[in-house]
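In: model this:
(chains A and B)
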Amino acid sequence: MNWRRALIAGAVAIPVLFFFAWGLTRDPGEIPSPLPGRAAPDFALEVFAPGEPPLARAVGDTVRASALKGRIVVLNFWASWCLACRDEHTILSQGARAYADQPVTFLGVLYNDEPRKGNAWIAEMGGQSYPSVNDPGARTAIEYGLYGVPETFFVNAEGRVVRKHTGPIPAAVLKGILDSLLAAPRAATTP
Amino acid sequence: MMRRTLVALALAVAGAGAQAVPESLPPRADSALEARTSAVAAQLRCPVCQGVSIQDSPAELAQQMRGVVRDQLAAGRSPEEVKAYFISKYGEWILLEPEARGFNLLAYGLPALLIVVGLGVVAVVVRRNSARAPAPASAAVGVDEEP
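Out: The predicted model follows:
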């Protein structure tokens, strides 16, 4: 009779343990975005931080997502009050320089912050190689389904979101994604 | 003359006040829009909170999302279309109550199923125990009778 009880207990416990184990492999803070694979939401946002040559854009210029088609876009949402943004700042700034001669555009989007504070933060961090735009009312952030900062979206040359990275982006991840995106069109044309 | 001037001034102020009142009060259409906004916002989860709707959350992002809900309703979108917009951006996670279809049915059906199974297990155990109960009683009688 005991073996029957053990069998029933096992039949109940094993699936429960399996689900617990599966749950441990997942990050509860990370909610999958429905955006990858879809067309990147369009925006028209004003530059408040120009960046540095050769990637600089004039303050007051309007950057439109639709105008970036044909280029790979690294869209990084950040804020001066965001501590984690400090961790990735150098990686992104150096990354933008490293890919300056490639069809890659880095763009910072200020999230729920003031441009004045954003510029002060950039100065404190020793500069930013690529420009940043302001997002009043977080309308673009909501269009991209933003949960918090930092979050980085990768848009391919066809204007589709291919990847979203939540939290500070490691240099290896940034390089890996960009290299694969840059290789993709070449791979497509190779017989 | 002075009194007449004061009266005229008072009337002018009162008139200005009377004109200001209708402007400060939201028109009826706005209050209806506000009610519809609240109804939709109460169904959408605040992304930067824990289990709170964007209607109840004071978080900046929640208030901004509420603004988007209001703007879309004002532009003529239906509540379902507004919800669909947020689902397209955040996934179904954004709904405080998942829609009762597909895999989501598990969330609605499983608790009821577990209650039924639990009650079944309790019923079986109680029946078995009550069936066994007379045996120890007769054994006890037997023990008493032995000496």
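In: and the residue lying closest to A:P131 once chain neighbours are set aside, what does it touch?
Out: Spatially, and ignoring its direct neighbours in sequence, A:P131 is nearest to A:G51 (3.9 Å; CB to CB, 6 or more residues apart in numbering or on different chains). Just so you know, the C-beta spots here come from the backbone N, C-alpha and C atoms, and that holds for glycine as well. Listed by CB atoms under 8 Å, 6 or more residues apart in numbering or on different chains, the contact set of A:G51 reads A:R57, A:A96, A:Q128, A:S129, A:Y130, A:P131, A:S132.
In: Does the nearest residue to the last one once chain neighbours are set aside belong to a helix, a strand or coil?
Out: If the residues on either side of it in the chain are set aside, A:S132 comes closest to A:G108, at 3.3 Å by CB to CB, 6+ apart. Per DSSP: H, G, I helix; E, B strand; the rest coil, the local secondary structure of A:G108 is strand.
In: Packing partners of the helix of greatest length in chain B?
Out: Criterion DSSP state H: the longest helix present in chain B is helix B:105-132. Contacting helix B:105-132 under the criterion 3 or more CB pairs under 8 Å, 6 or more residues apart in numbering or on different chains; DSSP states H and E is no other helix or strand.
In: That helix: how far from the chain's middle?
Out: The chain centre lies 30 Å from the centre of helix B:105-132; the measure is CA atoms, centre = their mean, to the nearest Å.
In: which SS state does the residue in chain B that chain A sits nearest to fall under?
Out: Going by CB to the nearest CB, chain A is nearest to B:K89 of chain B, at 3.8 Å. When classified by three-state DSSP, B:K89 comes out as helix.
In: In this structure B:V68 contacts A:T140, no?
Out: No: B:V68 lies out of contact with A:T140 (CB atoms under 8 Å); the separation is 11.3 Å.
In: Surely A:G37 is within a strand?
Out: No: counting by three-state DSSP, one finds A:G37 to be coil, located in no strand.
In: measure it to A:A184 for me?
Out: Separation of A:G37 from A:A184 (CB to CB, to the nearest Å) stands at 14 Å.
In: so where's chain B uncertain?
Out: B:1-29, B:134-147 (pLDDT under 70).
In: and stretch A:143-162 with chain B, contact?
Out: Yes: Stretch A:143-162 comes into contact with chain B (CB under 8 Å from any CB of the partner chain), by way of A:E143, A:Y144, A:G145, A:L146, A:Y147, A:G148.
In: Within the helices and strands, which one has the fourth one?
Out: Using DSSP states H and E, A:L146 sits in no helix or strand.
In: Backbone torsions only: list them for it.
Out: phi -70, psi 140 (degrees, to the nearest 10).
In: wait, what's in contact with the closest residue to the residue of chain B closest to chain A other than its chain neighbours?
Out: Excluding the flanking residues, the one nearest B:K89 by CB to CB, 6+ apart is A:G145, at 3.8 Å. Neighbour list for A:G145: A:S33, A:P34, A:L35, B:K89, B:Y90, B:G91 [criterion: CB under 8 Å, 6+ apart].
In: so how far is B:Q63 from A:G145?
Out: Distance from A:G145 to B:Q63, counting by CB to CB: 17 Å.
In: do A:I31 as well
Out: Using CB to CB, A:I31 is found at 20 Å from B:Q63.
In: same check, this time on A:Q102
Out: Distance from A:Q102 to B:Q63, by CB to CB: 40 Å.
In: do the same with B:Q72
Out: 15 Å.
In: Check A:P103 too.
Out: 38 Å.
In: And A:K117, by the same measure?
Out: From A:K117 over to B:Q63 (counting by CB to CB), the distance is 20 Å.
In: B:Q72 and B:Q63: which has the busier surroundings?
Out: Taking neighbours as other CB atoms under 10 Å in any protein chain shown, B:Q72 and B:Q63 compare with B:Q72 leading, 18 against 15.
In: Work out for me the element the residue lying closest to that one once chain neighbours are set aside sits within.
Out: Sequence neighbours aside, B:V82 is the residue nearest to B:Q72 in space, at 4.8 Å (criterion: CB to CB, 6+ apart). Per DSSP H and E: B:V82 is located in helix B:79-90.
In: Pull out the buried positions in that helix.
Out: Neighbour counts over helix B:79-90 (16 or more other CB atoms under 10 Å in any protein chain shown) mark B:V82, B:K83, B:Y85, B:F86, B:I87, B:K89, B:Y90 as buried.
In: Repeat that for stretch B:31-43.
Out: Within stretch B:31-43, the residues scored as buried using 16+ other CB under 10 Å are B:L33, B:R36, B:T37, B:V40, B:A41, B:Q43.
In: Which of these fall in helices?
Out: Using DSSP H, those in helices are B:L33, B:R36, B:T37, B:V40, B:A41.
In: Please name the residues that touch the nearest residue to the second one once chain neighbours are set aside.
Out: It stands for B:R36. Distances taken as CB to CB, 6+ apart place B:L73 nearest to B:R36, at 5.3 Å, with adjacent residues excluded. For B:L73, the contacting residues are B:L33, B:R36, B:T37, B:V40, B:P79, B:V82, by CB under 8 Å, 6+ apart.
In: quick check: angle from whatever helix or strand B:L73 lives in to helix B:79-90?
Out: Taking DSSP H and E as the definition, one finds B:L73 inside helix B:60-74. Interaxial angle, helix B:60-74 versus helix B:79-90 (axes from the mean of the first three to the mean of the last three CA atoms, to 10 degrees): 140 degrees.
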